[in-house]
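Undergrad: What would the 3D arrangement of this be:
(one chain, ligands or ions: 1)
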Amino acid sequence: MQAHNTPILHPNAASTWINQLCMLKQLCVLLLDEKLNIRMSSNACQAYTRDVIASVIKQFAQALTAPHTNKPITFTTIDDNESLFLEWEALSLPQDDGSMHYLLLGTDDSHAQKLEKENHTLNYILTKVPGFIFWKDKKLNLIGCNENFACQVGLDSTKAISGKSNYELPWDLAQTERFLRDDIEVMTTGQPKLNFEEIQRQADGTQATLLTSKVPIYDIHNRSTGILGMYVDITDQKTIELLQQLRKEKKYAELADQLKTEFIRNMEHDIRTPLGGIAGLATILSMDESDIKRRGYLHDIVESAHELLTYCNSIINYSQIAQGKLPLLSENFSIRSVIDKVITIETPAAHMKGLLLQFECDENVPNTLTGDPRRLQQILLNLVSNAIKFTHQGHVSLNIQCVEQSQHVAYLSMTVQDTGIGIPADKHEMIFEKFNRVNPANSGCYSGTGLGLGIVKQFAEELGGNVTVTSELGKGSTFTCLIPFILTKE
Ligand code: ADP
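TA: Predicted coordinates for the structure are as follows:
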């Protein structure tokens, strides 16, 4: 048997050279005769089992009988569990008797192969881990990262991260310093910082919510050598959580609204109606009562019932407005009859407090207008009843003027002026906000809900106008509504 495709070693050089080769600790040397029996083997070969050596000879035999090529014979021996990796190269040794011996030189790459395999597996894991991973040295310069991270910071490969500082990544300065502060904390305390949420602003301006962990890295001598950072993008999860929360809150709000509506409905039927009965019957009783003391009591009952009725009315009123239940009317009406109604309703209250209630409607105010008389009446009622409530002596006057008139529209200025307690200048704006009061009911002086002026403002605006106030503490107040009304065609 002769291998033409193995380099030939001259017989004169062979003997001493082979002996020397066999001494080399790392090199496996097998000297085979013509029949592939082992004639000599190096010390290094003793590290391998008989089966491994048999398999080497078998591989070489197959290579010898394989179709001839010009390349020298090389082959690799790998064991069943792939922990062995021997690379062989064969030389032919022609003998004096004309036969051929073979010298097989094997290098053991098992360790390097093992490392490479482990490296490959680690790299593969890093690539497939669903998150962003980076690690830094002691000076907090980046030394490695996975593909996700490299891609996020705009690098072509993970290798390009090596040696970069945080300042070279596409984060703005504030973020960079925030990230670094955490790194320093982990480095100096030696304690991991696990699962904390943070916001990351991307270069394109979008924001992501991250779940981040940072842990110190230690070498085999337990010396700290840097930090490992990992994060996952939980923006979608957060959005879903937020939506679920919003849905829950919407459900609660709807339930609360339903309960409120039911409460208001009950208030209408169960409180306002019997209250009306109490007020009416007490009034009748007081008319028949000759005893002054008892008449006084009955008078107090009537007054209290009316106060409660006003309270109920404004809440019911507000709830109807809030629910958009009051349609905007566009009907012909007489402004003077609206004023008459307001004066009729409010006169008893003014008389009871000894106030003079005056009203004046300028001649230039058209008799009939088109618009929403219900809203207008409510505006005037709220302003006049407030004026009476907050005035203890003097007068309350209601004044209507037409300040401008075009072919189709008349601009009416409606002024309610009083000589009451007045309103401090810094409260002029807030009194128009619902539920805001300068003198809360619990201060004991003036009852009320804080809804009246809110309704006035809303109605005035719905009618295309506005309401303003001028007032000085202790000197009275003037509320002016400027509202346009369509002139009714005669
Ligand atoms: P309420 O009268 O029910 O308290 P309003 O919304 O009508 O609620 O008024 C809000 C607040 O504005 C009142 O509590 C009061 O402090 C102040 N206010 C309104 N009108 C007058 C007025 N004519 N004189 C003095 N203060 C007033």
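
Undergrad: Every contact and neighbour count from this point should use C-alpha atoms.
TA: OK.

Undergrad: what secondary structure does Leu398 sit in?
TA: For Leu398, the assignment made with DSSP: H, G, I helix; E, B strand; the rest coil gives strand.

Undergrad: for Gln191, same thing?
TA: coil.

Undergrad: Which residues are in contact with it?
TA: Gln191 makes contact with 215-216, according to CA atoms under 8 Å, 6 or more residues apart in numbering.

Undergrad: mind checking the backbone torsions on it?
TA: Dihedral angles of Gln191 (phi, psi; degrees, to the nearest 10) stand at phi -100, psi 140.

Undergrad: Just to check, Phe485 is in contact with Val409?
TA: Yes - between Phe485 and Val409 there is a contact under CA atoms under 8 Å: 5.6 Å.

Undergrad: higher neighbour count, these two?
TA: Legend: neighbour count by other CA atoms under 10 Å for Phe485 and Val409, higher for Phe485 (22 against 15).

Undergrad: host element of that one?
TA: Using DSSP states H and E, Phe485 falls within strand 476-487.

Undergrad: got the contact list for that strand?
TA: By CA under 8 Å, 6+ apart, strand 476-487 touches 366, 368-371, 383, 387, 391, 407-423, 460, 463-471.

Undergrad: Any of the residues you listed buried? List them.
TA: Neighbour counting with 16 or more other CA atoms under 10 Å marks 366, 368-371, 383, 387, 391, 410-423, 460, 463, 465-467, 469, 471 as buried within those.

Undergrad: Out of the residues you listed, which are close to the ligand?
TA: 387, 420-423 (CA under 6 Å from any ligand atom).

Undergrad: In TSV: those residues, plus pLDDT.
TA: Below are these laid out as TSV (pLDDT from 0 to 100):
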residue	pLDDT
Ala387	96
Gly420	95
Ile421	94
Gly422	95
Ile423	94
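
Undergrad: mind listing which of those residues are in helices?
TA: Mapping these onto helices (DSSP state H) picks out Ala387.

Undergrad: any weak-confidence spans in the stretch 151-300 of the chain?
TA: Residue ranges of the stretch 151-300 of the chain with pLDDT under 70: 268.

Undergrad: ok, which stretches of it are strands?
TA: Ranges of strands in the stretch 151-300 of the chain, per DSSP state E, counting those that start in this stretch, are 193-201, 207-218, 224-233.

Undergrad: Switch these over to TSV; also include mean neighbour count and distance to the ligand.
TA: Shown next, in TSV, are the strands of the stretch 151-300 of the chain (neighbours: other CA atoms under 10 Å; distance: least, CA to the nearest ligand atom, whole Å):
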stretch	mean neighbour count	distance to the ligand
strand 193-201	15	44
strand 207-218	19	43
strand 224-233	20	50
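
Undergrad: Turn the ones you listed into JSON lines, including distance to Ile73.
TA: Putting these into JSON lines (distance: least, CA to CA, whole Å) gives the following:
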{"stretch": "strand 193-201", "distance to Ile73": "56"}
{"stretch": "strand 207-218", "distance to Ile73": "46"}
{"stretch": "strand 224-233", "distance to Ile73": "47"}
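
Undergrad: can you tell which of these is closest to Leu376?
TA: Closest to Leu376 of those is strand 207-218 (CA to CA; 50.5 Å).

Undergrad: so how far is that closest one off the chain centroid?
TA: Its chain's C-alpha centre and that of strand 207-218 lie 19 Å apart, by CA atoms, centre = their mean, to the nearest Å.

Undergrad: same check, this time on stretch 19-28
TA: Centroid displacement of stretch 19-28 relative to its chain, using CA atoms, centre = their mean, is 70 Å.

Undergrad: tell me which residues in that stretch are buried?
TA: For stretch 19-28, the neighbour count (16+ other CA under 10 Å) marks 21-22, 27-28 as buried.

Undergrad: can you tell me which of these are in strands?
TA: Those of those mapping onto strands are 27-28, per DSSP state E.

Undergrad: Let me see the domain layout of the protein.
TA: Per the record, the chain has its domains at 11-110, 129-233, 239-319, 327-487, by automatic domain parsing.

Undergrad: end-to-end on the last one?
TA: The stretch domain 327-487 measures 21 Å between its terminal residues, going by CA to CA, to the nearest Å.

Undergrad: swap in the shortest one?
TA: In domain 239-319, first residue to last residue: 34 Å (CA to CA).

Undergrad: Do that domain and the ligand come into contact?
TA: No - applying CA under 6 Å from any ligand atom, one finds domain 239-319 separated from the ligand by no less than 8.0 Å.

Undergrad: Quick check: the gap between Tyr318 and Gly452.
TA: 9 Å.

Undergrad: Who has more neighbours out of these two?
TA: Set side by side, Tyr318 and Gly452 show more neighbours around Gly452, with 26 against 19, by other CA under 10 Å.

Undergrad: Report the beta-bridge partner residues of Leu31.
TA: Beta-bridge pairing of Leu31 under DSSP bridges involves Met40, Leu103.

Undergrad: burial count for it?
TA: 22.

Undergrad: Next, Val56: secondary structure please.
TA: Reduced to three states by three-state DSSP, Val56 is helix.

Undergrad: Next, find the distance separating it from the ligand.
TA: Val56 is 102 Å from the ligand, where distance means CA to the nearest ligand atom, to the nearest Å.

Undergrad: Also Arg336?
TA: Separation of Arg336 from the ligand (CA to the nearest ligand atom): 22 Å.

Undergrad: so what's that residue up against?
TA: 361, 367.

Undergrad: wait, which of the strands of the stretch 151-300 of the chain is closest to Gly106?
TA: Closest approach to Gly106 among these (CA to CA): strand 207-218, 37.9 Å.
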